[in-house]
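J.: Give the three-dimensional model of this entry:
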Amino acid sequence: MNQKLTGKQYTLLASMLFGMFFGAGNLIFPIILGAKAGASLVPALLGMLITAVGMPLLGIVALGVSRSSGLMQMSGRVAKWYSYFFTCALYLTIGPFFAIPRTATVSFEIAAAPFLTDAQKTIGLYVFVFIFFLLSWWLAVTPSKLVPRIGKVITPMLLLFLFILIGSSILFPMGPWMEPSAAYSAPLKAFTNALVEGYNTMDCLAGLVFGVIVVESIRFFGVKTNEEVARSAMKSGLISTFFMFIIYASLVVLGADSISVLGHMETGAPVLSGASAYYFGTSGAVLLGLIVILACLTTSIGLIASCAAYFHQLFPMLHRQTWAALFAGFSFLIALFGLSAIIKGAIPVLLFLYPLAVSLIILTFLDKRFDGSQKVYALATACTFVPALYDGLKMLKLTTPAMDQFMHSLPLAEYDMAWTLFFITGFVLGFIWHKAADKAPATAESH
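T.: Numbers count the residues shown, from 1 in each chain. Here you go, the predicted structure:
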């Protein structure tokens, strides 16, 4: 018998979702967005919420709607080879290439860098991330209840500290909102730039990975129909999303308030530590640093373990512990470049992957409209692949003048959203191809 979730079960799922999504990126990107947006804060916040909160939620619901056992099967509707390419690229992005190293560098920037001189920061970073990833690897491969126990204690502590900090900033703002930077000077520009900035949280990509865990949890509670699974995922996701919205909005406002006191910073980490020191002195900055280290450590451990499990499944000739060691070691090397370099390095990859992820989510929701035809999946994805690849290459300065001239002439190109036109074109052509292929046998039989 199919049953519906109780209020307590919805709360448990929402709490699990929040815990999985809330990480280093959720702390630093809203606060630096507020610093950049200044007086254009409202449209910028709306833009970030779509890609950093809305799309991850839709990714989870899409897995419930799709009737698939995971991202591999879901992306396999495009082509088998594509499922391997897309899932590997996604796991490496939210794993050792960017997200895992970022947990260490955010911890360093908030907890250690404010107390070091410029001369000490380089060697300090090397020592810090070495110890951080040694601990991450050890806890990722050692069966222990330490990690979930830390997670249950540290995440609430971090949230409590954040709410105290946010409350202080609301009651006693650091300063007035300043003029927005050039990229956020007009409301539409602020909205669309923040839309792309939201990619940096990587939560849409993570949602496609975490979604299968949520769907399995819902089915474990006795929910059987795909419609009810999707509805349950949406409801629990909305609860989680509400709290993410409160935190994002508050951090964006805090970032906007900080400019007159802290000045312009390159990343959000020093803004957060600077605000803590402003309101609570050195002891507040130290407390925040310790909490962030432990919160990021649990995220790092979870990501290393998840990536190791996935690649062990693909390539079982290497033991899971070996994969964990490889990912921890590689993450250590990437982290040595520092937080700013990691953020800059991630942008081309995210500009490439996000359109592909969003297109897959949209196709999943429309699946019944075209009978799940591979022709539609393949053509829509192939067309989306072209502008997505171009946007990534453009950030790396690997495009030609002819390519730039053509792509810049397209509608929405100035907002990095031209890929939507390619997706629509591919979808329409695939749909026509699907319908024509369906009619062909019937026509042949009638003759």
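
J.: Quick check: which ranges of the stretch 151-300 of the chain have low pLDDT?
T.: Counting by pLDDT under 70, the low-confidence segments of the stretch 151-300 of the chain come to 151.

J.: Quick one: the helices in it, in order.
T.: Applying DSSP state H, counting those that start in this stretch to the stretch 151-300 of the chain gives helices spanning 187-197, 203-220, 226-262, 268-314.

J.: Same list, the ones you listed, but as JSON lines with mean neighbour count and distance to Thr420 please.
T.: Glycine gets a C-beta too; all of them are placed from N, C-alpha and C. Shown next, in JSON lines, are the helices of the stretch 151-300 of the chain (neighbours: other Cβ atoms under 10 Å; distance: least, Cβ to Cβ, whole Å):
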{"stretch": "helix 187-197", "mean neighbour count": "21", "distance to Thr420": "11"}
{"stretch": "helix 203-220", "mean neighbour count": "22", "distance to Thr420": "15"}
{"stretch": "helix 226-262", "mean neighbour count": "20", "distance to Thr420": "23"}
{"stretch": "helix 268-314", "mean neighbour count": "21", "distance to Thr420": "28"}
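
J.: To Gly167, which of those helices lies closest?
T.: Each of the helices of the stretch 151-300 of the chain has some distance to Gly167 by Cβ to Cβ; the shortest is helix 226-262, at 8.8 Å.

J.: Quick one, grab the pLDDT at Asn2.
T.: Note on Asn2: pLDDT of 57.

J.: what do you get for Leu393?
T.: Confidence score, pLDDT, at Leu393: 94.

J.: Isn't it up against Thr400?
T.: No: judged on Cβ atoms under 8 Å, Leu393 makes no contact with Thr400 at a distance of 9.6 Å.

J.: Comparing those two, which shows the higher neighbour count?
T.: For the pair Leu393 and Thr400, the greater number of neighbours falls to Leu393 (16 against 9), based on other Cβ atoms under 10 Å.

J.: Helix, strand, or coil at Phe130?
T.: Using DSSP: H, G, I helix; E, B strand; the rest coil, the structure places Phe130 in helix.

J.: wait, doesn't it sit right on Ala335?
T.: No: look at Phe130 against Ala335 with Cβ under 8 Å: they stay out of range, at 9.1 Å.

J.: So between these two, which is more surrounded?
T.: Ala335 (27 against 14).

J.: and the more buried one, what is it in contact with?
T.: Applying Cβ atoms under 8 Å, 6 or more residues apart in numbering to Ala335 gives the contacts Pro101, Arg102, Ala104, Thr105, Leu125, Val129, Phe132, Phe133, Ile342.

J.: ok, now Phe431?
T.: Going by Cβ under 8 Å, 6+ apart, Phe431 touches Phe370, Ser373, Val376.

J.: and the closest residue to the second one other than its chain neighbours, what is it in contact with?
T.: What sits nearest to Ser373 in space, not counting adjacent residues and going by Cβ to Cβ, 6 or more residues apart in numbering, is His434, at 4.0 Å. The neighbourhood of His434, defined by Cβ under 8 Å, 6+ apart, consists of Phe370, Asp371, Ser373, Lys375, Val376.

J.: Which one of the residues you listed is nearest to Gly302?
T.: For those, the nearest to Gly302 is Val376 (35.1 Å; Cβ to Cβ).

J.: who are the neighbours in contact with that closest one?
T.: Residues in contact with Val376 (Cβ under 8 Å, 6+ apart) are Leu363, Phe370, Phe427, Gly430, Phe431, Trp433, His434.

J.: Please point out which parts of the helix or strand hosting it sit buried.
T.: For Val376, the host element (DSSP states H and E) is helix 374-395. Within helix 374-395, the residues that count as buried by 16 or more other Cβ atoms under 10 Å are 375-385, 387-395.

J.: With stretch 167-175 instead?
T.: Neighbour-count burial for stretch 167-175, counted by 16+ other Cβ under 10 Å, picks out Ser168, Ser169, Pro173, Met174.

J.: Apart from its neighbours in sequence, what residue is nearest the second one?
T.: Translated: Ser169. Spatial nearest neighbour of Ser169, chain neighbours left out: Leu254 (4.7 Å); criterion: Cβ to Cβ, 6+ apart.

J.: Hmm, Gly34 and that neighbour touching each other?
T.: Yes: between Leu254 and Gly34 a contact is recorded at 6.5 Å, counting by Cβ under 8 Å.

J.: quick revisit: in helices only, show me the contacts of Val376.
T.: Leu363, Phe427, Gly430, Phe431, Trp433, His434 (DSSP state H).

J.: before we move on, back to that, secondary structure and neighbour count added to the contacts of Ala335, as TSV?
T.: TSV is the format used below for the contacts of Ala335 (DSSP: H, G, I helix; E, B strand; the rest coil; neighbours: other Cβ atoms under 10 Å):
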residue	secondary structure	neighbour count
Pro101	helix	30
Arg102	helix	28
Ala104	helix	29
Thr105	helix	29
Leu125	helix	22
Val129	helix	24
Phe132	helix	24
Phe133	helix	26
Ile342	helix	21
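
J.: For Gly25, state which of those residues is nearest.
T.: Distance to Gly25, by Cβ to Cβ, is smallest for Arg102 among the contacts of Ala335, at 6.7 Å.

J.: what's the nearest residue to Ala328 if we skip its chain neighbours?
T.: In space, Ala328 is closest to Trp137, 3.8 Å off (Cβ to Cβ, 6+ apart).

J.: Only the C-alpha atoms, please, for the strand or helix carrying the one you found, written as PDB.
T.: Using DSSP H and E, Trp137 sits in helix 118-141. Listed in PDB are the C-alpha atoms of helix 118-141, where the atom choice follows Å, rounded to 0.1, in the frame of the first residue of the first chain:
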ATOM      1  CA  ASP A 118      51.500  37.900   4.300                       C
ATOM      2  CA  ALA A 119      55.000  36.200   4.600                       C
ATOM      3  CA  GLN A 120      53.600  33.300   6.600                       C
ATOM      4  CA  LYS A 121      50.400  32.600   4.500                       C
ATOM      5  CA  THR A 122      52.000  30.500   1.800                       C
ATOM      6  CA  ILE A 123      53.800  28.000   4.100                       C
ATOM      7  CA  GLY A 124      50.800  28.200   6.400                       C
ATOM      8  CA  LEU A 125      48.500  27.100   3.600                       C
ATOM      9  CA  TYR A 126      50.700  24.200   2.700                       C
ATOM     10  CA  VAL A 127      50.900  22.900   6.300                       C
ATOM     11  CA  PHE A 128      47.200  23.500   6.900                       C
ATOM     12  CA  VAL A 129      45.900  21.700   3.800                       C
ATOM     13  CA  PHE A 130      48.300  18.800   4.300                       C
ATOM     14  CA  ILE A 131      46.900  18.100   7.800                       C
ATOM     15  CA  PHE A 132      43.400  18.800   6.600                       C
ATOM     16  CA  PHE A 133      43.500  16.100   3.900                       C
ATOM     17  CA  LEU A 134      45.500  13.600   5.900                       C
ATOM     18  CA  LEU A 135      42.600  13.800   8.400                       C
ATOM     19  CA  SER A 136      40.000  13.700   5.600                       C
ATOM     20  CA  TRP A 137      41.600  10.500   4.100                       C
ATOM     21  CA  TRP A 138      42.000   8.800   7.400                       C
ATOM     22  CA  LEU A 139      38.400   9.400   8.400                       C
ATOM     23  CA  ALA A 140      37.100   8.600   4.900                       C
ATOM     24  CA  VAL A 141      38.600   5.100   5.000                       C
END
